[in-house]
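Engineer: Sequence first, predicted coordinates after that:
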2 protein chains.
Amino acid sequence: MNYEKYYSEKVKGMRPSIIRELLKKYVGKKGLISLAAGNPSPETFPTRIIKKLADEVLEKYGKDALQYGPTPGYSGLIEQIKNFIEERYKIDSSKVGVLITSGAQQVLDLTGMTFLNPGDVVIIEAPTYVAAIDAFAQYGPEFVQVPVDEEGMRVDVLEDKLKKLKAEGKNVKFVYTIPTFQNPGGVTMSEERRKYLLELANKYDFLIIEDDPYHELNYSDKEPPLPIKHWDSEGRVIYSGSFSKILAPGFRVGWIVADPQIIRKFEIVKQRRDLHTSSFCQYIAAEYIKGGYLREHIPKIRAYYKPKLKVMLDALEEYMPEGFEWTKPTGGMFVWVMGPSELNTTSMLEKAVENGVVYVPGEAFYPDRSVKNAMRVDFSYPSEEEIVEGIKRLAKTCKEEGV
Amino acid sequence: MNYEKYYSEKVKGMRPSIIRELLKKYVGKKGLISLAAGNPSPETFPTRIIKKLADEVLEKYGKDALQYGPTPGYSGLIEQIKNFIEERYKIDSSKVGVLITSGAQQVLDLTGMTFLNPGDVVIIEAPTYVAAIDAFAQYGPEFVQVPVDEEGMRVDVLEDKLKKLKAEGKNVKFVYTIPTFQNPGGVTMSEERRKYLLELANKYDFLIIEDDPYHELNYSDKEPPLPIKHWDSEGRVIYSGSFSKILAPGFRVGWIVADPQIIRKFEIVKQRRDLHTSSFCQYIAAEYIKGGYLREHIPKIRAYYKPKLKVMLDALEEYMPEGFEWTKPTGGMFVWVMGPSELNTTSMLEKAVENGVVYVPGEAFYPDRSVKNAMRVDFSYPSEEEIVEGIKRLAKTCKEEGV
């Protein structure tokens, strides 16, 4: 049977996620080193603690932890998140609402559904997180790209674009940013730019979606700037956090911090999407913060990833041919590698796989697929030996490409 | 700040779920007996087994059970679901695909997104599951209601409506049905009607969404008919199952059985919604089937609910005033009570709450809110004593209403 005629217009053009297709095709292939995945290392999962907490939750709260729960989330977890953002990020938790989501991916979907009419403008960093593009694209917006440099989004370029869009009468709904240890670049927006972005939001009247899953993955002695939400006096920032990098991605638990009116709207949409997030996973996550385990675990994650980042940067320095540049992150999971303008990392991928390494081609991170000469490499999942060997193979492939 | 101007057209008219609002307002109120919730009794949760399985999963599969996973679901769980539907429902699992969802609610949302353009016709049972109406309504369909009697959906009325819709040139995308122990009526579609519904689907060229979360909640000696999917030779049936009533709703794990082409389309939509369902919960669910625990547990659930259903039917018989009728289910969680045509169960609710009982007003189960003289009462959650006392209070309220 052919189902084409049954499909809605909305899904007809949808393509599968580039990264997920890559992983499906290549990962697990014998001898292949993957620098493509965005997976945390299982070495960072606090498995023993999770086991203890799962037991305790079932003993103490079994009836509720296994039952249907409220759509906004388990009140005990909401309380812990409020404590966490107050203590760590100095966000006044009395002025915001919190909604627990089925991973941070759901935040992107709820945001798109709640705010976007077809043709609305969404401003994104270029490059940006692939699955954010896919999530927003469901709702038919026009994407406007703002470049990123070592200090994050170029707010000067943003301002020019805002003026132009205003003159054209375009409706800018929100700016989407990953300000801290960005995906894919690993760069962090400076405090000055964070404040300026907020000023622009107030002046040009748009919302800011602050996607912040990597905030705690800091490997330098200096803490990154506080989240933009910290300085948000008008309620323009919708802040998204996640347990995927500080507990385990397999839980699929994230959270939204926003004005209570917005939280209420998200609640109504989430009712229709999945009723609520797994109660069992929420209870474990709540105990993980409440028992002080999160606070103890973060330094361990940092200590684990810090040398891996160094190994990757050193390997790039040692092996990559002339004409290549890359970001120098101090946190997160990724490095962004840019080659000469003639390089096409999409067409080079086959050769890289033959040489035993896979990365994510840069064009995936641009809705208009305009940048072909870059790629994202991940240092969180492969071992130190694999990172060195993977970069060697990548360098070899680039040399063979002879651009 | 006022956010109205930022909201999309899609969410502007969205109202919160009637049932969830009722529960929020009333449940937990001292002395109030709730016949409103659709919650399984925590007495039916296999908590001890879940604890054992959670431990084993973390020991044996920790690295994968806590990691990101494939969008269609954990392959081990998919395999177990295939075994289950083959063994229990005689569905040829070699011809179908399976996708694991974040609860059966997500099936409704994925279905709406994948198939519905604004104005498409969705045919539903009247009354039907409230959250299905809400999920489909997101995508702007026209609802056509087909009444239900003691043998389920009136397929003769359906046929008349199909003829009329065809003559009007309307595009019927699918029929949504809960054929077994229906919500809210508890009634079961006969085998004959199941087959006739499929014939109509083939003849009038539409899909069937078969929502089947209550199938195993059978309290009579006779098994309900096999799922419609069993007889589906053309690939028209999208079958949805759930762990909420046979393991625990707090896991939020459901599944879809459909043609592999449709599964692939759902996968692409689900990527954008939540990447994938909690790996941890999926692994536990897989071990629950694999270890034979599900098979052992189902008879216990049945034995637990069976007397509660009888208590409710007996109490209705004993206490309800003349002029009231109700369904006589042999499974599920609900009974549907109909009063005289002048009765308005929505306006009666305040008085019921004063008398110490809460139910769900019938109009919630109709998209056009046309039926005011009915209500849904639940026997799964309250104790036997609460059921008797709850029905007494309901009967008293109805008498006071004096219709």
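Structural biologist: That came through, no problem.
Engineer: So A:Ile81 sits against A:Gly241, correct?
Structural biologist: Yes. Using CB atoms under 8 Å, A:Ile81 makes contact with A:Gly241 at a distance of 7.4 Å. Every residue, glycine included, has its C-beta placed from N, CA and C.
Engineer: Mutual contacts of the two, please.
Structural biologist: A:Trp255, A:Val257 (CB atoms under 8 Å, 6 or more residues apart in numbering or on different chains).
Engineer: These two: who's more crowded?
Structural biologist: A:Gly241 (29 against 24; other CB atoms under 10 Å in any protein chain shown).
Engineer: before we move on, which element is that one in?
Structural biologist: strand A:237-242 (DSSP states H and E).
Engineer: Counting neighbours, which bits of the longest helix along chain A end up buried?
Structural biologist: Longest helix in chain A by number of residues (criterion: DSSP state H): helix A:293-319. By 16 or more other CB atoms under 10 Å in any protein chain shown, the buried positions in helix A:293-319 come out as A:293-294, A:297-298, A:301-302, A:305-306, A:308-309, A:311-313, A:315-316, A:319.
Engineer: what does stretch A:45-58 give?
Structural biologist: A:Phe45, A:Pro46, A:Thr47, A:Ile49, A:Ile50, A:Lys51, A:Lys52, A:Leu53, A:Ala54, A:Val57, A:Leu58.
Engineer: Then stretch A:28-46?
Structural biologist: Quick answer for stretch A:28-46 (16+ other CB under 10 Å): A:32-42, A:44-46.
Engineer: and those residues, which of them are in strands?
Structural biologist: Per DSSP state E, strands hold the following members of the buried residues of stretch A:28-46: A:Ile33, A:Ser34.
Engineer: near chain B, from the buried residues of stretch A:28-46?
Structural biologist: A:Ala37, A:Gly38, A:Asn39, A:Pro40, A:Pro42, A:Phe45 (CB under 8 Å from any CB of the partner chain).
Engineer: Can you tell me which of these lies closest to A:Pro127?
Structural biologist: A:Gly38 (13.4 Å; CB to CB).
Engineer: From A:Pro225, how far out is A:Leu197?
Structural biologist: 11 Å (CB to CB, to the nearest Å).
Engineer: joint contacts of those two?
Structural biologist: A:Met189.
Engineer: Between these two, tell me which one has more neighbours.
Structural biologist: Taking neighbours as other CB under 10 Å, A:Leu197 and A:Pro225 compare with A:Leu197 leading, 25 against 20.
Engineer: Would you map the helices across chain A?
Structural biologist: Under DSSP H, chain A gives helices at A:9-12, A:18-26, A:47-65, A:75-89, A:104-115, A:130-137, A:155-167, A:191-204, A:260-274, A:279-290, A:293-319, A:345-354, A:384-401.
Engineer: Just want the angle from the last one to helix A:293-319.
Structural biologist: With axes from the mean of the first three to the mean of the last three CA atoms, to 10 degrees as the criterion, the two stretches helix A:384-401 and helix A:293-319 enclose an angle of 40 degrees.
Engineer: does chain B sit close to helix A:384-401?
Structural biologist: No. Helix A:384-401 is not in contact with chain B by CB under 8 Å from any CB; minimum separation 15.9 Å.
Engineer: Including pLDDT and distance to A:Gln106, could the ones next to chain B among the buried residues of stretch A:28-46 go into CSV?
Structural biologist: CSV is the format used below for those (pLDDT from 0 to 100; distance: CB to CB, whole Å):
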residue, pLDDT, distance to A:Gln106
A:Ala37, 86, 20
A:Gly38, 89, 17
A:Asn39, 94, 19
A:Pro40, 96, 19
A:Pro42, 96, 23
A:Phe45, 97, 21
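Engineer: What residues are bridge-paired with A:Val237?
Structural biologist: Assessed by DSSP bridges, A:Val237 has beta-bridge partners A:Ile208.
Engineer: show me the contacts for it.
Structural biologist: A:Val237 touches A:Leu198, A:Ala201, A:Leu207, A:Ile208, A:Glu210, A:Pro227, A:Ile228, A:Lys229, A:Ala258, counting by CB under 8 Å, 6+ apart.
Engineer: at 6 Å instead, please
Structural biologist: A:Val237 makes contact with A:Ile208, A:Glu210, A:Ile228, A:Lys229, according to CB atoms under 6 Å, 6 or more residues apart in numbering or on different chains.
Engineer: Farthest-apart pair in the buried residues of stretch A:28-46, please.
Structural biologist: A:Leu32 and A:Pro46 (28.9 Å).
Engineer: can you pull the contacts of the nearest residue to A:Gly185 once chain neighbours are set aside?
Structural biologist: Take A:Gly185 and drop its neighbours on the chain: the residue closest to it by CB to CB, 6 or more residues apart in numbering or on different chains is A:Trp336, 4.2 Å away. By CB under 6 Å, 6+ apart, the contact list for A:Trp336 reads A:Pro184, A:Gly185, A:Thr327, A:Arg376.
Engineer: And for A:Pro40?
Structural biologist: Per CB under 6 Å, 6+ apart, neighbours of A:Pro40: A:Lys245, A:Ser380.
Engineer: swap the cut-off to 7 Å and go again
Structural biologist: A:Ser244, A:Lys245, A:Pro249, A:Ser380 (CB atoms under 7 Å, 6 or more residues apart in numbering or on different chains).
Engineer: ok, now how distant is the second one from chain B?
Structural biologist: I take that to be A:Lys245. Shown here: A:Lys245 relative to chain B, a distance of 11 Å by CB to the nearest CB, to the nearest Å.
Engineer: The third one now?
Structural biologist: Distance, A:Pro249 to chain B, by CB to the nearest CB: 5 Å.
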